[in-house]
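Novice: I would like to see how this sequence folds:
(one chain, ligands or ions: 2)
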Amino acid sequence: MILDKPRTPLRELDWPTPRPRAHEVLIQIRACAVCRTDLHVVDGELPNSKLPLVPGHEIVGIVAARGKNARRFKIGARVGVPWLGWTCGKCKFCRSGRENLCNLAQFTGYTRNGGYAEFTVADERFCFHIPKIYSDVEAAPLLCAGLIGFRSLTKCGDARRLGIYGFGAAAHIIAQVARFQGREVYAFTRRGDLRAQKFAKSLGAAWAGDSETLPPKKLDAAIIFAPVGGLVPLALKALEKGGTVVCGGIHSSDVPSFPYEWLWGERAICSVANLTRRDGDEFFKIAPRVPVRTTVETFPLEQANEVLNRLRAGKIHGAAVLQIG
Ligand SMILES: [Zn+2]
Ligand SMILES: [Zn+2]
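Specialist: Numbers count the residues shown, from 1 in each chain. Ligands and ions are numbered 1, 2, ... in the order given. Now for the predicted structure:
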């Protein structure tokens, strides 16, 4: 499924199977989850995407061929491909454990072709082994909702009372990890979204309610997954002194102004950008121990446009996954 131009529907197309370059593997795709970032790319909110583009950056598949220097995975091995597709290894960010900020980074399904397809190529150094307990479909949302959600959670330090704004794919995974770590979860959803609130409670949330309301107790940290800048002051207002608001999305509407008093008391606002391979290694270690279970709705590849529309309308329960082959 190809994006020719932002703000147009994806087009079903046959094109040749790509050939892996030196450090790449050819992957026969089994599943690819659909992330909100895909919407931002398709809707043109993230500029300068590769065009034409195969979107999708939460890929699970089987190694079908290897480039001449690719030896990390055997043919037939199951691998996961995340958003971070390649980094330079030389810039100041890469050299200081912050490859997520690499100046030359390439991103799967954005500046490299991704997983809304039967085959893709990926640099093997940026792929992950997938824990055995997960089926292909269950594992796919772990590759972004899980990984970048986990990086957002890490930014919360040892916060005990954790607010999560926007209870979609990332939240439903990270709530489970947070509970496992002994944190209390407060889930915030679109106004009146009782289904999502019930879902949050079923995953162990201590409280669930509308984003506009204040939680019954002050939060030590809050993660915002919804792409709504207006949530930043709301979350700040719900924070205890010394707390942090972590913005987990790649794109958001503007943050409105708010009284300085809401920030005072050493409250902080930060964003999370991309992921490092270390985030992935740590996440894939902890996920099976929780064990994180993903709730997915599956669709055939040809329905990618419909899935994107449903995600835009907030009509996906848990994570949406394209099941391929
Ligand atoms: Zn770099
Ligand atoms: Zn994503």
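Novice: all strands for the stretch 201-325 of the chain, in order.
Specialist: Assigned by DSSP state E, counting those that start in this stretch, the strands in the stretch 201-325 of the chain fall at 207-210, 219-224, 239-247, 268-271, 296-300, 319-323.
Novice: low-confidence ranges in the protein?
Specialist: In the prediction, the chain carries no residues with pLDDT under 70.
Novice: Residue 257 is nearest to which of the strands of the stretch 201-325 of the chain?
Specialist: With Cβ to Cβ, the closest approach to residue 257 among those belongs to strand 268-271: 12.9 Å. Glycine gets a C-beta too; all of them are placed from N, C-alpha and C.
Novice: which residue packs closest to residue 81, ignoring adjacent ones?
Specialist: Distance criterion Cβ to Cβ, 6 or more residues apart in numbering; nearest residue to residue 81, sequence neighbours excluded, is residue 59 at 3.9 Å.
Novice: can you count the residues close to the closest residue to residue 128 other than its chain neighbours?
Specialist: Leaving aside its chain neighbours, residue 128 sits nearest to residue 80 (4.4 Å; criterion: Cβ to Cβ, 6+ apart). Counted with other Cβ atoms under 10 Å, the neighbours of residue 80 add up to 27.
Novice: wait, residue 80 sits on residue 141?
Specialist: No. Contact status for residue 80 versus residue 141: not in contact, 10.6 Å apart, counting by Cβ atoms under 8 Å.
Novice: Need the overlap of contacts for these two.
Specialist: Contact criterion Cβ atoms under 8 Å, 6 or more residues apart in numbering; residues shared by residue 80 and residue 141: residue 58.
Novice: does any bit of the lengthiest strand in the chain sit next to ligand 2?
Specialist: For the chain, the strand with the greatest residue count under DSSP state E is strand 24-34. No. Using Cβ under 5 Å from the ion, we find that strand 24-34 stays clear of ligand 2, coming within 8.0 Å at best.
Novice: Name the residues that touch the next helix-or-strand element following that strand?
Specialist: Counting by DSSP states H and E, the next helix or strand C-terminal to strand 24-34 is helix 36-42. Helix 36-42 is contacted from outside by 3, 6-7, 10, 45-46, 49, 53, 55-57, 83, 109-110, 144, 168-169, 227, 249-251, 308, 311-312, using Cβ under 8 Å, 6+ apart.
Novice: Please type out the PyMOL selection for whichever of those residues turn out to be buried.
Specialist: Those of the contacts of helix 36-42 that count as buried under 16 or more other Cβ atoms under 10 Å are selected in PyMOL with:
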select buried, resi 3+6+10+45+46+49+53+55+56+57+83+109+110+144+168+169+227+249+250+308+311
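Novice: ok, and of the contacts of helix 36-42, which contact ligand 1?
Specialist: On the criterion Cβ under 5 Å from the ion, none of the entries of these sits beside ligand 1.
Novice: about what we covered before: will you turn the strands of the stretch 201-325 of the chain into CSV that also has mean neighbour count and distance to ligand 2?
Specialist: Listed next are those as CSV, based on neighbours: other Cβ atoms under 10 Å; distance: least, Cβ to the ion, whole Å:
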stretch, mean neighbour count, distance to ligand 2
strand 207-210, 18, 24
strand 219-224, 26, 15
strand 239-247, 21, 14
strand 268-271, 14, 14
strand 296-300, 16, 15
strand 319-323, 25, 10
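Novice: Save those strands as TSV, and put in distance to ligand 1 too.
Specialist: Output for those, formatted as TSV (distance: least, Cβ to the ion, whole Å):
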stretch	distance to ligand 1
strand 207-210	40
strand 219-224	26
strand 239-247	23
strand 268-271	19
strand 296-300	33
strand 319-323	30
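Novice: Compare those and give me the one nearest residue 133.
Specialist: In terms of Cβ to Cβ, the element of the strands of the stretch 201-325 of the chain nearest to residue 133 is strand 296-300, at 14.8 Å.
Novice: Check which helices and strands the closest one is in contact with.
Specialist: Applying 3 or more Cβ pairs under 8 Å, 6 or more residues apart in numbering; DSSP states H and E, we find strand 296-300 packed against helix 136-139, strand 319-323.
Novice: How far off centre is the last one?
Specialist: It stands for strand 319-323. Chain-centre distance of strand 319-323: 13 Å, with Cα atoms, centre = their mean, to the nearest Å.
Novice: mind listing what that strand pairs with, with the direction of each?
Specialist: strand 24-34 (antiparallel), strand 296-300 (parallel) (DSSP bridges).
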